[in-house]
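Trainee: Attaching a predicted model along with its sequence, questions to come.
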Amino acid sequence: MNTQVVPFSQLTTEQIALWGEMQQTNPELVSPYFTPEFAQHVARVRDDVEVALLREGSEVVGFFPFQRTMWGVAKPVGGRLSDYHGVIAREGLEFSPTKMLRDCKLSAFEFDHLVASQKAWKPFHADLKPSPTIDVSEGFESYLENRRADNARLMTDSLKKEDRLTRQVGPLTFEWNTTEDAVLQLLFQWKSAQYNATGVTDIFSFDWTRKLIENIWKQGNSPQFSGVMCTLRAADRVVAMHFCMRSGSTLHSWFPAYDVDAAKHSPGLVLLTQMARHANQHGVHRIDLGKGDEQYKRSYANSEAMVAEGIVESHPFRSVIRKGWTTTRDLVKNSPLAGPARAPVRWLRRMREWLSMK
């Protein structure tokens with residue numbers, strides 16, 4: 001198998017159509033992150049999006065989109081914004097990740113949301129994590145019965161909180177996809193405040209991330225790819241919103257936010273319940289909540305997809321060096337030096353987060 005690397009902008013119409021067909025027919029790739037439209041939107045706001053075309057002879061059999069860093073390390077398209085990544089191909093494609101990286105002149109590929117079912121990557125998995133999902137394919141009432149049977153109190157209690165929010169704030173209005181620009185700007189405001197309050201890098205302080213979200217939201221309601229802004233109002237006041245991406249019958253949670261002044265009513269959970277209740281009416285059977293062990297995800301989810309964390313090195317020597325560093329780091333973490341080392345490690349982590357968004 002040979003690999004050809006091109007900027008996304010140089011893909012032909014036929015190649016983009018083939019990418020879309022592979023994504024739509026492979027059940028491993030239902031997430032909107034695997035669509036050519038998502039990569040295209042990122043390429044419109046960044047100039048470092050490339051695509052490896054995997055070829056058998058003259059036939060393209062797979063696509064591997066990535067962003068090339070200044071150190072020759074590949075990261076997923078969208079960087080920290082990517083909740084799924086991998087090779088887009090038909091089921092069962094066999095390929096060598098290390099050879100692919102060498103052909104791309106890449107030193108490594110770091111991943112944290114790699115679709116775990118792709119066998120070629122499995123030797124490079126360092127850890128597996130669940131991405132909790134809400135499956136409402138059998139209807140909301142069936143889903144609700146399942147959650148009650150599992151004693152998922154956080155989810156079932158949200159029904160009571162709907163009533164309390166209505167009584168204490170005002171009548172509730174749910175909208176599946178608002179088109180009001182003021183709601184999007186409010187999302188940016190609330191999320192930035194959340195990031196700053198929790199001490200993590202504010203991803204919306206970068207112009208390209210705001211443009212990306214705006215472009216996806218404004219692109220229109222395509223059945224294969226679109227942005228969806230679900231909102232909840234109480235007495236005409238926005239108390240929660242949830243920006244998602246959709247591909248086919250899958251809706252992926254991306255940026256949930258709520259009014260902290262209404263926090264005691266859990267408006268974010270009330271909104272998520274409304275989304276699950278109305279999903280089937282809009283052709284959505286699955287809501288992916290994204291990787292994470294938050295309590296609300298455990299309570300709402302009745303299924304999950306597995307994603308992998310790890311790294312692929314294009315040359316064995318680099319792998320040996322990295323393993324040596326990892327061993328040393330783990331020894332320090334379990335030694336009396338752990339305390340003094342914590343502050344510089346936190347600084348380095350913040351710096352790495354910031355660089356990952358550049």
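Mentor: Okay, I see it.
Trainee: got a pLDDT number for V320?
Mentor: For V320, the pLDDT comes out at 49.
Trainee: Kindly report the same for T133.
Mentor: If you check T133, the pLDDT there is 98.
Trainee: how much space between it and F63?
Mentor: Distance of T133 to F63, computed by CB to CB, to the nearest Å: 24 Å. Where you see a C-beta, it was placed from the backbone N, CA and C, and this is true even at glycine.
Trainee: what do you get for A17?
Mentor: Between A17 and F63 the computed distance is 12 Å (CB to CB).
Trainee: With V6 instead?
Mentor: Between V6 and F63 the distance is 10 Å, computed by CB to CB.
Trainee: and M229, what helix or strand is that in?
Mentor: Following DSSP states H and E, one finds M229 within strand 226-234.
Trainee: tell me the phi and psi of the most centrally placed residue in the chain?
Mentor: Residue closest to the average C-alpha location in the chain (CA atoms, centre = their mean): D83, at 2.2 Å. Dihedral angles of D83 (phi, psi; degrees, to the nearest 10) stand at phi -100, psi -10.
Trainee: Per-residue pLDDT of it, please?
Mentor: 97.
Trainee: surely it meets Y33?
Mentor: Yes - using CB atoms under 8 Å, D83 is in contact with Y33, at 6.0 Å.
Trainee: Report the contact partners of K119.
Mentor: E94 (CB atoms under 8 Å, 6 or more residues apart in numbering).
Trainee: do you know how far it is from G310?
Mentor: Going from K119 to G310 by CB to CB gives 14 Å.
Trainee: neighbour count winner among A17 and F63?
Mentor: Higher neighbour count among A17 and F63: F63, with 23 against 12, using other CB atoms under 10 Å.
Trainee: Bridging across strands, which residues link to that one?
Mentor: Per DSSP bridges, the residues bridged to F63 are L53, I88.
Trainee: F63 contacts R90, correct?
Mentor: No - F63 is beyond contact range of R90, at 11.2 Å (criterion: CB under 8 Å).
Trainee: Can you check which residues contact both of these two?
Mentor: What both F63 and R90 touch, as defined by CB under 8 Å, 6+ apart, is the set M22.
Trainee: re the thing from before, can you check which residues contact both of A17 and F63?
Mentor: By CB under 8 Å, 6+ apart, no residue touches both A17 and F63.
Trainee: Quick one: residues contacting H41.
Mentor: 212, 215-216, 219.
Trainee: pretty sure it is in a helix, no?
Mentor: Yes - applying DSSP: H, G, I helix; E, B strand; the rest coil, one finds H41 inside a helix.
Trainee: Relative to E14, how far out is it?
Mentor: 20 Å.
Trainee: What of L186?
Mentor: On the measure of CB to CB, L186 and E14 end up 41 Å apart.
Trainee: what about these two, which has more around it?
Mentor: Neighbours were tallied for L186 and for E14 using other CB under 10 Å; the higher tally belongs to L186 (16 against 9).
Trainee: Now do the SS call for that one.
Mentor: Here L186 is helix, with the state taken from three-state DSSP.
Trainee: How many residues are close by V45?
Mentor: Neighbours of V45 under the rule other CB under 10 Å: 18.
Trainee: ok, it touching W208?
Mentor: Yes - in terms of CB under 8 Å, V45 counts as a neighbour of W208; the distance is 4.3 Å.
Trainee: hang on, the earlier thing: in a markdown table: the contacts of H41, plus pLDDT, secondary structure and distance to V169.
Mentor: Output for the contacts of H41, formatted as a markdown table (pLDDT from 0 to 100; DSSP: H, G, I helix; E, B strand; the rest coil; distance: CB to CB, whole Å):
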| residue | pLDDT | secondary structure | distance to V169 |
| --- | --- | --- | --- |
| L212 | 98 | helix | 33 |
| N215 | 97 | helix | 33 |
| I216 | 97 | helix | 30 |
| Q219 | 85 | coil | 33 |
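Trainee: Now tabulate the residues you listed in TSV and tack on neighbour count and distance to M70.
Mentor: Formatted as TSV, the contacts of H41 follow (neighbours: other CB atoms under 10 Å; distance: CB to CB, whole Å):
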residue	neighbour count	distance to M70
L212	20	21
N215	15	25
I216	20	27
Q219	14	30
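Trainee: Could you dump the residues you listed into CSV with distance to E50 added?
Mentor: As requested, the contacts of H41 are exported to CSV (distance: CB to CB, whole Å):
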residue, distance to E50
L212, 17
N215, 20
I216, 20
Q219, 22
